[in-house]
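Engineer: got a structure for you, letters missing:
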């Protein structure tokens, strides 16, 4: 069965070396995915401050066992290399985050964009004047269920909108699975009632 999944790689608030690790890891995952027979497409890359670096990357994987492939890299990933940006820097361990998301259009409970209300807001946390001047964070509210998902880790509002939709889609899918589990428990409870 063919699956489609998104993989987000982010440097978070890490230094330029973490941004370099994002770019390198995106390349590695793309090559490994193709080698595993998966279709891999780079949906978005937010360029970093230095040449050949990325603040974040969003990949789409499609094919047999795409989810199983993506889950292997989920969490914090350690990238070990001497800093090519700051020669002589003692630190060699750089960390990036990898998150696996379900694309909004593949949710089992179809997410209609017309049912979602988007609000732009200012992101919180470090970032200096950029945080205080732009409304790049996004809050997505699903009107029929009142579920809310937010995304604020990217500097691009469009990217945060995609991430909020993916998270909302995952929340809806979790709700469908919970309802199925409740129905299954109720069905088996009928055996006890006999």
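Structural biologist: Looks like it came in fine. The structure displayed is predicted, hence computed values, not measured ones.

Engineer: please make it C-alpha for all contacts and neighbour counts, starting now.
Structural biologist: Will do.

Engineer: right, and the helix or strand after the strand or helix carrying residue 31?
Structural biologist: In the assignment (DSSP states H and E), residue 31 maps to helix 16-35. Per DSSP H and E, the first helix or strand lying C-terminal to helix 16-35 is strand 39-47.

Engineer: the helix or strand just after that next one: partners in the sheet, and parallel or antiparallel?
Structural biologist: Sequence-wise, the next helix or strand downstream of strand 39-47 (DSSP H and E) is strand 54-64. In the sheet, strand 54-64 lines up against strand 2-10 (antiparallel), strand 39-47 (antiparallel) (DSSP bridges).

Engineer: for residue 146, which of the ones you listed is the nearest?
Structural biologist: Shortest separation from residue 146 across those is recorded for strand 2-10, at 24.2 Å, computed as C-alpha to C-alpha.

Engineer: show me how far that closest one is from its chain's centre.
Structural biologist: 7 Å (C-alpha atoms, centre = their mean, to the nearest Å).

Engineer: which residues belonging to it are considered buried?
Structural biologist: Buried residues in strand 2-10, defined by neighbour count with 16 or more other C-alpha atoms under 10 Å: 4-10.

Engineer: any regions of this structure where pLDDT drops low?
Structural biologist: 1, 104-110, 124-133, 176-177, 179-194 (pLDDT under 70).

Engineer: domain map for it?
Structural biologist: Domain segmentation of the chain under automatic domain parsing yields 1-101, 104-194.

Engineer: pick the most buried one from those domains.
Structural biologist: domain 1-101 (a mean of 18; mean count of other C-alpha atoms under 10 Å).

Engineer: give me the residues contacting stretch 44-59.
Structural biologist: Taking contacts as C-alpha atoms under 8 Å, 6 or more residues apart in numbering, the residues outside stretch 44-59 that touch it are 6-12, 16, 19-23, 26, 40-43, 154, 156, 159.

Engineer: residue contacts, the nearest residue to residue 62 once chain neighbours are set aside?
Structural biologist: For residue 62, ignoring the flanking residues on the chain, the nearest one in space by C-alpha to C-alpha, 6 or more residues apart in numbering is residue 4 at 4.3 Å. Neighbouring residues of residue 4 by C-alpha under 8 Å, 6+ apart: 60-63, 66-67, 102-103, 106.
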